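In: 3D model of this:
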Amino acid sequence: MTKFEIVKAEWLKAFSELNAQTWFQRLASGDVQLKHYKAYLRETYFHAGRNPQIQAISTGTIPNEKRKLVNKIFQHAMSEIGHDLLALNDLKALGHDISKIPNERPLPSTMSLVAFPLYLIHYVNPVGYLGYLFHLEVMPTTSGMQYVEILKKMGVPESAVTFIEEHAKVDEYHIQNIAHYLEELVTTKEELDLVIYAAKATCHLHGRMLIDAFERVDGLPDLYTF
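Out: Below is the predicted model of the structure:
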């Protein structure tokens, strides 16, 4: 098995556990409302906006003999710039007032998801970042179009699913990049184990962000405004 296949096999276990949870069962059956999708888009705006910068930071310790990868990773990061605005524009297409959102704060679980790869890069081992990136690129191609169809059945127009649709399609190419990064940068079993841990942990953190967003608009008390 390739390193990509090994990581994916382990990640799928975490993804299956996530999909077995109540909110994801509801999502798969279409038992959600427009307010839940709006809450997802809001948190996704905050999360996606930082990803290109984090990816650039991850290149800081690439060894000299692997320097050719820096250009590929930076090109990959540049292709992600502006994806946060897709989520924001999807909200706008749903008639939501987006004028105040850029000056608001994300949910704590969203902040945790953003902070996780920075912790890996600065305090553990930068190669662990590949696990975080693995989840973000593989998850949309695994279930993205399924969610698009569910949303359309709910009456969400094509103009308001651009974030999910873009990632469901474009990330097929990015998956090839992930496989290449893994082969070039993961050199020990310990590093591979860290990537697997990070991929599964990111799946959990991403799921927690979505659940918190859904529960928040269902009226659970918190200190934040939407």
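
In: where does the chain have its least confident helix or strand?
Out: In the chain, no helix or strand scores lower on mean pLDDT, DSSP states H and E than helix 162-185, which sits at a mean of 85.

In: next helix or strand past that helix?
Out: helix 189-217 (DSSP states H and E).

In: Give me the helices and strands touching the least confident helix or strand of the chain, please.
Out: Secondary-structure packing of helix 162-185 (3 or more Cβ pairs under 8 Å, 6 or more residues apart in numbering; DSSP states H and E): helix 3-19, helix 34-48, helix 68-80, helix 83-93, helix 129-153. C-beta here means a position set from N, CA and C on the backbone, and glycine is covered the same way.

In: In TSV: those helices, plus mean neighbour count, mean pLDDT and distance to Ile121.
Out: Converted to TSV, the helices and strands packed on helix 162-185 look like this (neighbours: other Cβ atoms under 10 Å; pLDDT from 0 to 100; distance: least, Cβ to Cβ, whole Å):
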stretch	mean neighbour count	mean pLDDT	distance to Ile121
helix 3-19	17	97	18
helix 34-48	22	95	16
helix 68-80	15	88	13
helix 83-93	21	95	20
helix 129-153	20	91	5
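
In: contacting residues for the most centrally placed residue in the chain?
Out: In the chain, the centroid-proximal residue (Cα atoms, centre = their mean) is Leu136; its distance is 3.8 Å. Contacts for Leu136 were tallied using Cβ atoms under 8 Å, 6 or more residues apart in numbering; they are 51, 202, 206.

In: returning to that earlier point: now do the buried residues in the least confident helix or strand of the chain.
Out: 162-165, 167-168, 171, 174-175, 177-179, 181-182, 185 (16 or more other Cβ atoms under 10 Å).

In: And those residues, which is closest to Thr141?
Out: Nearest to Thr141 among the buried residues of helix 162-185, counting by Cβ to Cβ, is Asp171 at 5.0 Å.

In: contacts for stretch 179-190?
Out: With Cβ under 8 Å, 6+ apart, stretch 179-190 has contacts from 2-4, 7, 62, 66, 69, 72-73, 127, 130, 133-134, 191-192, 195.

In: Which residues outside stretch 153-169 are in contact with it?
Out: Stretch 153-169 is touched from outside by 30, 32-34, 37, 41, 44, 48, 83, 86-87, 89-91, 93-94, 140-141, 144-145, 147-148, 151-152, with contacts defined as Cβ under 8 Å, 6+ apart.

In: what's the first-to-last distance across it?
Out: End-to-end distance for stretch 153-169: 20 Å, by Cα to Cα, to the nearest Å.
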